[in-house]
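Trainee: Starting from these lines, generate the structure:
(one chain, ligands or ions: 1)
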Amino acid sequence: MKKNLVKPNDHYRKVMVITGANRGIGFEVARTLAKEDISLVLACRNLVEGEKAKEKIEKESGNSQIKVIKLDLSSFSSIRDFCKKFDQSYQRLDVLINNAGIFTMDKGLTQDGLELTMGVNYFGPFLLTNLLLPFLEKSEEGRIVNVISGAYKRGKFNLENIRERNKTGFRAYSASKFALAVFTLTLSRKLKSKGMRVCVNAVSPGHVNSGMWDFNKWYAPIIRFFGKRSMIDVEQGAEPILFLAISEKAKEINGKYFNREKEEEIMFVSTEDQEILWGKSSKIVGLD
Ligand SMILES: NC(=O)c1ccc[n+]([C@@H]2O[C@H](COP(=O)([O-])OP(=O)(O)OC[C@H]3O[C@@H](n4cnc5c(N)ncnc54)[C@H](OP(=O)(O)O)[C@@H]3O)[C@@H](O)[C@H]2O)c1
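Mentor: As a prediction, the model looks like this:
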């Protein structure tokens, strides 16, 4: 029998999933949300680090409704396992925060043979979000927040071959965030046309002093040394994500991009191209 952490008529304790919640901006988002009466799921690829984060957050907030579930966005089977485990404990989902992401100079592949950055930053969240939609549909006011980057505007990928493997660093990163921005646009349009009360938005947290800049290259310390002077801290980076996730003022906002607090339209992509990307992505992640 299902263990009901969320009572069927409890409309007050919202359930929220945050990916990459063990450190960086995701940890800060989870830490702040835990101070509210919210059930939190920390979706982390490393369970030990996830449990450590949970312990810290629990201690500080006194919130006993926090659970860690393993999620590795570079593996479709891990994403499917996550959703099965989520289903065993929760009946609905109110907010999904697709925060986890990587910036790497290394050429690598996901467990399913996709280029690593595109796999973790785009295909993983694409599959996760689609599998969690039935739970979001049960929310009175579902929200999805996709954490992208201002770099998405310079992102390019080939619609004929989105499995392309030869990118690394900024090219791969901006392409993956562009794909996630297009996903935001497409999903928001699809859900609106079905009359579903789930809002989907994208946000850039700004230039944040986090572990994302600790990539393994000789020039990384130089970037960190000069970059950190202009970087904001993780608390500030978390603010626009929290706004879209819980603010009353954000509840009608749908299909938009927030460059920190500034609302913008997502760059234009024709419906035809949106559908091509959606169809190819569905095929790659194994969705009908
Ligand atoms: N920092 C910035 O300046 C900046 C700017 C624009 C956008 N962003 C975006 O903000 C989000 C958060 O970044 P951050 O700055 O907080 O970076 P971070 O400190 O490097 O944290 C990244 C988080 O993502 C998780 N993660 C990485 N690979 C994963 C995988 N395969 N499966 C599941 N989780 C995975 C990490 O888990 P592990 O601890 O296991 O590695 C970690 O929890 C990212 O999407 C990033 O692209 C950041």
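
Trainee: Tell me how far the residue most central in space within the chain lies from residue 231.
Mentor: Residue closest to the mean C-alpha point of the chain, counted by C-alpha atoms, centre = their mean, is residue 98 at 1.0 Å. From residue 98 across to residue 231, the span is 22 Å (C-beta to C-beta, to the nearest Å). C-beta here means a position set from N, CA and C on the backbone, and glycine is covered the same way.

Trainee: Residue 19 bridge partners, please.
Mentor: residue 43 (DSSP bridges).

Trainee: A helix includes residue 203, no?
Mentor: No: using DSSP: H, G, I helix; E, B strand; the rest coil, the assignment for residue 203 is strand, not a helix.

Trainee: how would you label the closest residue to it other than its chain neighbours: helix, strand or coil?
Mentor: Computed as C-beta to C-beta, 6 or more residues apart in numbering, the closest residue to residue 203 that is not its neighbour in sequence is residue 258, at 4.3 Å. Per three-state DSSP, the local secondary structure of residue 258 is strand.

Trainee: Please shift the residue numbers so they start at 49 in all later answers.
Mentor: Got it, first residue is 49 now, which makes that one residue 306.

Trainee: Please identify the buried residues of stretch 114-126?
Mentor: Buried positions in stretch 114-126, judged by neighbour count with 16 or more other C-beta atoms under 10 Å: 114, 115, 116, 117, 119, 120, 121, 122, 123, 124, 126.

Trainee: Which phi and psi values does the third one adopt?
Mentor: It stands for residue 116. With angles defined as degrees, to the nearest 10, residue 116 sits at phi -110, psi 130.

Trainee: For it, list the residues it contacts.
Mentor: Residue 116 makes contacts with 89, 90, 92, 95, 98, 99, 101, 102, as judged by C-beta atoms under 8 Å, 6 or more residues apart in numbering.

Trainee: isn't residue 73 right next to residue 147, touching?
Mentor: Yes: Residue 73 is in contact with residue 147 according to C-beta atoms under 8 Å; the separation is 6.3 Å.

Trainee: Next, show the common contact partners of the two.
Mentor: Shared between the contact lists of residue 73 and residue 147 (criterion: C-beta under 8 Å, 6+ apart) are residues 195, 289.

Trainee: Could you name the helices and strands sitting against the lowest-mean-pLDDT helix or strand in the chain?
Mentor: Lowest on mean pLDDT, DSSP states H and E among the helices and strands of the chain sits helix 268-275, with a mean of 79. In terms of contacts (3 or more C-beta pairs under 8 Å, 6 or more residues apart in numbering; DSSP states H and E), helix 268-275 is packed against no helix or strand at all.

Trainee: Alpha carbons of it, as CSV, please.
Mentor: This file holds the C-alpha atoms of helix 268-275, laid out as CSV (Å, rounded to 0.1, in the frame of the first residue of the first chain):
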residue,chain,number,x,y,z
ALA,A,268,39.7,27.7,-14.5
PRO,A,269,41.4,29.4,-11.5
ILE,A,270,41.9,32.6,-13.7
ILE,A,271,38.3,32.7,-14.6
ARG,A,272,37.4,32.2,-10.9
PHE,A,273,39.8,34.8,-9.7
PHE,A,274,38.5,37.5,-12.1
GLY,A,275,35.0,36.3,-12.4
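
Trainee: sorry, back to before: now, the contacts of residue 116 that are in helices?
Mentor: Per DSSP state H, helices hold the following members of the contacts of residue 116: 95, 98, 99, 101, 102.

Trainee: Right, I'll call it a day here.
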